[in-house]
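Asker: coords please:
(one chain, ligands or ions: 1)
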Amino acid sequence: MLNEVQISKAIIETYCRKLTANLELDVAIVGGGPSGLVAGCYLARAGHKVALFEKKLSIGGGVWAGGMMFNEVVVQEAGKALLDEFHIPARTFTDGYYTVDAVYLASSLTQRAMDAGLTIFNLVAMEDVVIKDDRVGGLVLNWGAVATLDWPVDPLVIHSKFVIDSTGHPANVAEVLVRKMGVKLDTQTGGIVGEKSMNAEKGEMQTVENTREVYPGLFVSGMAANTVCGGYRMGPVFGGMLLSGQKAATEILKKL
Ligand code: 48F
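Answerer: Okay, the predicted model is just below:
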């Protein structure tokens, strides 16, 4: 006979164990889009303690919607190589252009990352960062719904050696740091430059170039990197996002 209270106990106790085990991390990733998932996969694969916090119900960020909700994702040659490494099959459209079903890509990236050891907390939002010794040393977290409703609920906190801002266009973590601490990020203007209009070729290259540590302890990846450093938007092509996640992980691995 199924006991409802036993079911509830299983959920509560298992979740609390998972959360408690992730209060001190090597890397905390904010945002479950393609760049965050790829970064998480490489870092976890290398044996580090990594968790990803996503404010929404679903993991995958902009992947699910392909382009204008046509749920097919396009990658170019460089992105295809990474998909091959992840054993995610892509179809050739024409020379140098490949497509992957968006639902398949979002769920496969999630599965690869979790199989590698990444822990994912969906429905949890970053609302602030921890600053220790002039570096980002963790995250201030709350339920995604609390953030959306703007309720006055005090948060919980985790510590982390590094944080990756993978929050896409808004560059939420970097934005908080600039707004609340007035810090100078590693850019020409010192603040957040803001993304430029569309140029797929340049935007794809820049999202990888701009993936770096912009403040001690804080890396930016994916579209957040272009928002912070002023790169072009690239629109519905995803190779740069995957490569950016790979670069963020590679750079952090050198420092861990
Ligand atoms: O936007 P998103 O998919 O990030 P990305 O890795 O990829 C960008 C592409 O999807 C697309 C593109 C392709 O060429 O340009 O836009 O840069 O995913 C960002 C995720 O971060 C979550 C948000 O819900 C989304 O799933 N997010 C944003 N702010 C927070 C957050 C926050 N404060 N706390 C937790 N998650």
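
Asker: and the most centrally placed residue in the chain, what element?
Answerer: A centroid search over the chain (CA atoms, centre = their mean) returns G36, at 2.6 Å, as the residue closest to the centre. Counting by DSSP states H and E, the secondary-structure element that holds G36 is helix 34-45.

Asker: Mind checking the pLDDT average for that helix?
Answerer: Helix 34-45 shows an average pLDDT of 98 in the prediction.

Asker: In the chain, where is pLDDT below threshold?
Answerer: Under the criterion pLDDT under 70, no range of the chain is flagged.

Asker: so where do the helices sit in it?
Answerer: Taking DSSP state H as the criterion, the chain contains helices spanning 4-20, 34-45, 77-85, 102-116, 144-149, 172-181, 200-209, 223-229, 239-255.

Asker: Could you pull out the buried residues of the third one?
Answerer: Neighbour counts over helix 77-85 (16 or more other CB atoms under 10 Å) mark 79-80, 82-83 as buried. All C-beta atoms are positioned from the backbone trio N, CA, C, and that covers glycine.

Asker: tell me the angle that helix makes with helix 239-255.
Answerer: Following axes from the mean of the first three to the mean of the last three CA atoms, to 10 degrees, one obtains 70 degrees for the angle between helix 77-85 and helix 239-255.

Asker: Can I get helix 77-85 as PDB, trimmed to CA atoms?
Answerer: The C-alpha atoms that make up helix 77-85 are tabulated as PDB, following Å, rounded to 0.1, in the frame of the first residue of the first chain:
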ATOM      1  CA  GLU A  77      30.900  23.300 -38.400                       C
ATOM      2  CA  ALA A  78      32.600  24.200 -35.100                       C
ATOM      3  CA  GLY A  79      29.500  23.600 -33.100                       C
ATOM      4  CA  LYS A  80      28.900  20.300 -34.900                       C
ATOM      5  CA  ALA A  81      32.300  19.000 -33.700                       C
ATOM      6  CA  LEU A  82      31.200  19.600 -30.100                       C
ATOM      7  CA  LEU A  83      27.900  17.900 -30.700                       C
ATOM      8  CA  ASP A  84      29.800  14.900 -32.200                       C
ATOM      9  CA  GLU A  85      31.900  14.800 -29.000                       C
END
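
Asker: Tell me the residues of the stretch 51-200 of the chain that contact the ligand?
Answerer: Taking CB under 6 Å from any ligand atom as the criterion, the neighbours of the ligand within the stretch 51-200 of the chain are 53-56, 61-63, 125-126, 166-168, 172.

Asker: Now list the buried members of those.
Answerer: Burial of these was assessed by neighbour count (16+ other CB under 10 Å); the buried members are 53-55, 61-63, 125-126, 166-168, 172.

Asker: So which bits of stretch 5-21 are buried?
Answerer: With burial defined by 16+ other CB under 10 Å, the residues of stretch 5-21 counted as buried are L19.

Asker: Not counting its own residues, what contacts that stretch?
Answerer: Applying CB atoms under 8 Å, 6 or more residues apart in numbering, the set of residues contacting stretch 5-21 from outside is 119, 121.

Asker: still on that earlier bit, kindly indicate which of the buried residues of helix 77-85 lies nearest K202.
Answerer: G79 (15.9 Å; CB to CB).

Asker: Could you find the closest non-adjacent residue to T167?
Answerer: Counting by CB to CB, 6 or more residues apart in numbering, G31 is the residue found nearest to T167 once chain neighbours are left out, at 4.1 Å.

Asker: Do I have it right that the one you found meets G61?
Answerer: Yes. Using CB atoms under 8 Å, G31 makes contact with G61 at a distance of 6.5 Å.

Asker: intersection of neighbour lists for these two?
Answerer: Taking CB under 8 Å, 6+ apart as the contact definition, G31 and G61 share the neighbouring residues 54, 168.

Asker: The helix holding G36 to helix 102-116, inter-axis angle?
Answerer: Relative orientation of helix 34-45 and helix 102-116, computed by the same axes, to 10 degrees: 20 degrees.

Asker: ok, now how distant is the residue nearest to E175 when sequence neighbours are not counted from V100?
Answerer: The shortest distance from E175 to any residue other than its chain neighbours is 6.2 Å, reached at I192 (CB to CB, 6+ apart). In this structure, I192 lies at 31 Å from V100, with CB to CB, to the nearest Å as the measure.
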